[in-house]
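Visitor: fold the following and give me the result.
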Amino acid sequence: MLGFDFYFQLPPRAYHLVARQLSDSPARVGLSSGQLAFARPTASFVLLSGLVLAIAAAAWLFIVGQLRRLVAALRAGQPFVRENERRLRRIGVAVILFELGRAVVVWAGGMYLQHSLVAQGMSLRAHFDLDVPVILMGVVLLALAAAFRVGFELTEEQALTV
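Guide: Residues are numbered from 1 along each chain as shown. Alright, predicted model coming up:
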């Protein structure tokens, strides 16, 4: 089974929605979403999807590896070392890039559907669906990396003080 999330709009002549207690005029359906399901994907689509999933898995493995090293350093009693700041910065950048990449892949899939799918009675829309909380999490990780850098510099300065 092959599934796509997609965004669509129905022309007003395709439906009639009325709620007399809310308004005297009919309601309009705005941009809506749903999922399309196809029984048998083509081999080229399976290969392309596999490539995208492999890249996503590599990104997640990179993030998890950096987190493991960070936690190991924290457990060893070395919180303010240069490498922890770098690890946090790498994780923050990876989270932001991963989310941007995911949004681009979803948008490209929507563009592909918009130009290749024949849908009578509705118009398909490509939608750039950026998950803002994930981007903010990446920014918070970058800010935390900056705090670790300051901690490292203070620790280094204290070690040089006699």
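
Visitor: per-residue pLDDT of the spatially closest residue to residue 88 that is not a sequence neighbour, please?
Guide: Leaving aside its chain neighbours, residue 88 sits nearest to residue 145 (3.6 Å; criterion: Cβ to Cβ, 6 or more residues apart in numbering). Heads up, the C-betas are built off the backbone N, CA and C, glycines and all. We have a pLDDT of 96 for residue 145.

Visitor: in the chain, which spans are strands?
Guide: 2-9, 32-38, 123-125 (DSSP state E).

Visitor: looking at the ones you listed, which is nearest to residue 82?
Guide: When the strands of the chain are compared by Cβ to Cβ, strand 2-9 sits nearest residue 82, at 41.8 Å.

Visitor: and the closest one with strand 32-38, angle?
Guide: 150 degrees (axes from the mean of the first three to the mean of the last three Cα atoms, to 10 degrees).

Visitor: how far does strand 2-9 sit from its chain's centre?
Guide: 17 Å (Cα atoms, centre = their mean, to the nearest Å).

Visitor: looking at it now, give me its mean pLDDT.
Guide: 77.

Visitor: how about the strands of the chain, which one is nearest residue 96?
Guide: Of the strands of the chain, nearest to residue 96 by Cβ to Cβ is strand 2-9, at 21.7 Å.

Visitor: residues in contact with the closest one?
Guide: 29-41, 45, 106, 109-110, 113, 119, 122-127 (Cβ atoms under 8 Å, 6 or more residues apart in numbering).

Visitor: again, only using 7 Å
Guide: Contacts with strand 2-9, where a contact means Cβ atoms under 7 Å, 6 or more residues apart in numbering, come from 31-38, 41, 45, 106, 109-110, 113, 122-125, 127.

Visitor: drop anything exposed from those.
Guide: Buried members of the contacts of strand 2-9, counted by 16 or more other Cβ atoms under 10 Å: 106, 109-110, 113, 124-125, 127.

Visitor: looking at those, which are in helices?
Guide: Among the buried ones among the contacts of strand 2-9, the ones falling in helices (DSSP state H) are 106, 109-110, 113.

Visitor: would you format those as TSV with distance to residue 9 and pLDDT included?
Guide: What follows is those, written out as TSV (distance: Cβ to Cβ, whole Å; pLDDT from 0 to 100):
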residue	distance to residue 9	pLDDT
106	18	86
109	18	84
110	13	83
113	14	81
